[in-house]
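Peer 1: I need the structure of the sequence given here:
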Amino acid sequence: MAGRFKELVRDAEARKLPSDKIPGWLGQWKSPWEGKVKGGELIRQGEDELYQLGIRVRERFPSLFEEDYHPDVYTIRATQVGGF
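Peer 2: A predicted model of the protein is given here:
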């Protein structure tokens, strides 16, 4: 997205749009994920959505979760596959 913002600023400058039409932060914006190696972390909204999905699945299939979850017993693994 940072690249796209810079492209928009360059385009606006090339078209000589008034500077008040271009937000100052737009060309300086940096992704909060820039330089992170892991990737794939959920934002707060994603965490909430995943939690709500778990609640709905538990309500629909109550016998599926009869045992309590403990991370040392039931490990969860994830992978980030592919790209954009």
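
Peer 1: and the helix ranked longest in the chain, how far from the chain's centre?
Peer 2: Across the chain, the longest stretch assigned as helix under DSSP state H is helix 44-60. Here the centre of helix 44-60 is set off from its chain's centre by 16 Å, with CA atoms, centre = their mean, to the nearest Å.

Peer 1: elements contacting that helix?
Peer 2: Using 3 or more CB pairs under 8 Å, 6 or more residues apart in numbering; DSSP states H and E, no helix or strand is in contact with helix 44-60. In short, each C-beta sits where N, CA and C put it, glycine included.

Peer 1: ok, and for the helix or strand hosting residue 5, which residues are buried?
Peer 2: Assessed by DSSP states H and E, residue 5 sits inside helix 2-14. Buried residues in helix 2-14, defined by neighbour count with 16 or more other CB atoms under 10 Å: 5, 9, 12.

Peer 1: closest to residue 62 out of those residues?
Peer 2: For the buried residues of helix 2-14, the closest approach to residue 62 (CB to CB) belongs to residue 5, at 47.4 Å.

Peer 1: and the nearest residue to residue 31 once chain neighbours are set aside, how far is that from residue 9?
Peer 2: Closest residue in space to residue 31, ignoring its immediate chain neighbours: residue 2 at 5.2 Å, by CB to CB, 6 or more residues apart in numbering. Here the criterion is CB to CB, to the nearest Å. By it, residue 2 lies 11 Å from residue 9.
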